[in-house]
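Novice: Mind folding the following:
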Amino acid sequence: MDLSPETISATSGTEGRDATEAGLFERPIIVERPASQRIPFVFTSPHSGRCYPASFVDASNLDALTLRRSEDSFVDELFAGAVELGAPLLHARFPRAYLDANREPYELDPSMFAEPLPPHVNTRSLRVAGGLGTIARVVSDTTEIYREPLSYAVAEERIRRLYMPFHDTLKHLLEDTLKSFGCAILIDCHSMPSVGGPTDDDSGADRPDIVLGDRYGTSCAGAITAEAERILRRQGYSVARNNPYAGGFNTEHYGRPRSGLHALQIEINRALYMDEARLEPMPGFVEVRKDMTAFIDELSAWDWSALALGARGAAF
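Specialist: Down below sits the predicted model:
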């Protein structure tokens with residue numbers, strides 16, 4: 001596959017203004033699998049989806065480019081080398097602004113809906129308060145997405161048809177990896193704006209090249225985070241841990257080190273590889289992609305066998 005910047009720009013934008021919800025519901029995710037899994041890693045990109053249904057754009061206050069501000073553009077391509085190295089890569093086709101797979105299944109803002117929400121819905125999380133629940137109220141710059149209140153049925157259908165397939169597939173990938181290797185290491189892949197936003201704790205501050213999130217040491221063995229940081233620093237990147245991102249729902253939910261399941265979130269500064277205003281790849285994309293492939297190769301060569309000693313199985 002030609003991964004020159006020209007080819008990326010031509011193929012990696014939205015999947016078409018004429019996309020339909022039916023088509024997205026029919027194929028909500030993509031799983032890229034190696035011929036045989038050779039390493040105990042599973043890679044995910046929950047926020048790089050770029051299939052925007054026309055009905056969603058029509059119902060929004062925003063144009064398609066503004067809706068994409070929450071998207072982790074091209075992250076699935078940055079980590080595509082994982083497949084050749086022997087690990088599966090799961091990524092969403094649906095965009096984060098439409099449904100966020102890095103949330104609890106029912107984190108919803110009641111102000112967005114035309115009727116009261118069922119009792120099982122979590123309406124009080126910090127993510128909901130910030131407008132970034134499972135169905136987002138705002139894009140990353142706090143701009144309101146919808147012109148009119150939604151029906152709860154809309155949220156329920158998206159959760160059932162998009163969220164559940166993503167997480168059912170991820171559970172199976174981790175379970176299969178755990179059975180095969182005695183441990184499983186989830187790398188949850190994201191990108192971040194180069195400067196903290198107005199509602200962020202680091203508002204206005206320049207961010208490091210990469211942030212590793214392990215929920216303050218609780219979601220994976222410390223040795224994994226330390227090795228990841230060592231490799232990335234040797235490659236020349238500035239690296240921070242757990243600030244401003246410690247890991248979202250996926251890292252917290254799937255990271256169970258005592259059961260042999262480890263989860264590490266990686267956030268890449270978008271200025272390294274893309275034009276943040278135009279949402280287009282820059283020449284640096286090719287170099288970052290090459291570095292991420294080398295990062296995966298070196299991290300997977302680390303002696304992870306000791307991690308299997310504590311594996312006792314896990315139920316999701």
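Novice: what residue is smack in the middle of the protein?
Specialist: Of all residues in the chain, the one closest to the mean position by C-alpha atoms, centre = their mean is P46, 3.3 Å from it.
Novice: give me every residue that touches that residue.
Specialist: Neighbouring residues of P46 by C-beta atoms under 8 Å, 6 or more residues apart in numbering: 91-92, 96, 100-102, 166, 188, 190, 250. For the C-beta atoms, the positions are set from N, CA and C on the backbone; glycine is no exception.
Novice: same deal with I30?
Specialist: 76, 90-93.
Novice: tell me which element it is part of?
Specialist: strand 29-32 (DSSP states H and E).
Novice: how about that strand: buried residues?
Specialist: 29, 32 (16 or more other C-beta atoms under 10 Å).
Novice: for the next helix or strand after it, packing partners?
Specialist: Later in the chain than strand 29-32, the nearest helix or strand by DSSP H and E is strand 41-45. Applying 3 or more C-beta pairs under 8 Å, 6 or more residues apart in numbering; DSSP states H and E, we find strand 41-45 packed against strand 89-92, helix 164-181, strand 184-192, helix 284-301.
Novice: Where does pLDDT dip in the stretch 51-200 of the chain?
Specialist: By pLDDT under 70, the stretch 51-200 of the chain has no low-scoring segment.
Novice: Quick check: phi and psi at P40.
Specialist: As for P40, its main-chain torsions (degrees, to the nearest 10) stand at phi -80, psi 40.
Novice: I should have written D206 there, sorry.
Specialist: Dihedral pair for D206: phi -70, psi 140, per degrees, to the nearest 10.
Novice: Show me what it is bridged to.
Specialist: On the basis of DSSP bridges, D206 is bridged to V195.
Novice: before we move on, what about the one 5 residues further on?
Specialist: Partner residues in beta bridges with V211, using DSSP bridges, are A240, E267.
Novice: May I ask you to confirm that it is in contact with A240?
Specialist: Yes - contact status for V211 versus A240: in contact at 5.0 Å, counting by C-beta atoms under 8 Å.
Novice: Looking at these two, which one has more neighbours?
Specialist: Comparing V211 with A240 by other C-beta atoms under 10 Å, the one with more neighbours is V211, at 23 against 16.
Novice: Might you report the residue contacts of the more buried one?
Specialist: By C-beta under 8 Å, 6+ apart, the contact list for V211 reads 192, 239-245, 266-267.
Novice: Just the buried ones out of the residues you listed, please.
Specialist: Burial by neighbour count, 16+ other C-beta under 10 Å: within those this picks out 192, 239-242, 244-245, 266-267.
Novice: out of those residues, who's nearest G182?
Specialist: Nearest to G182, judged by C-beta to C-beta, of the buried ones among the contacts of V211 is I266 at 23.4 Å.
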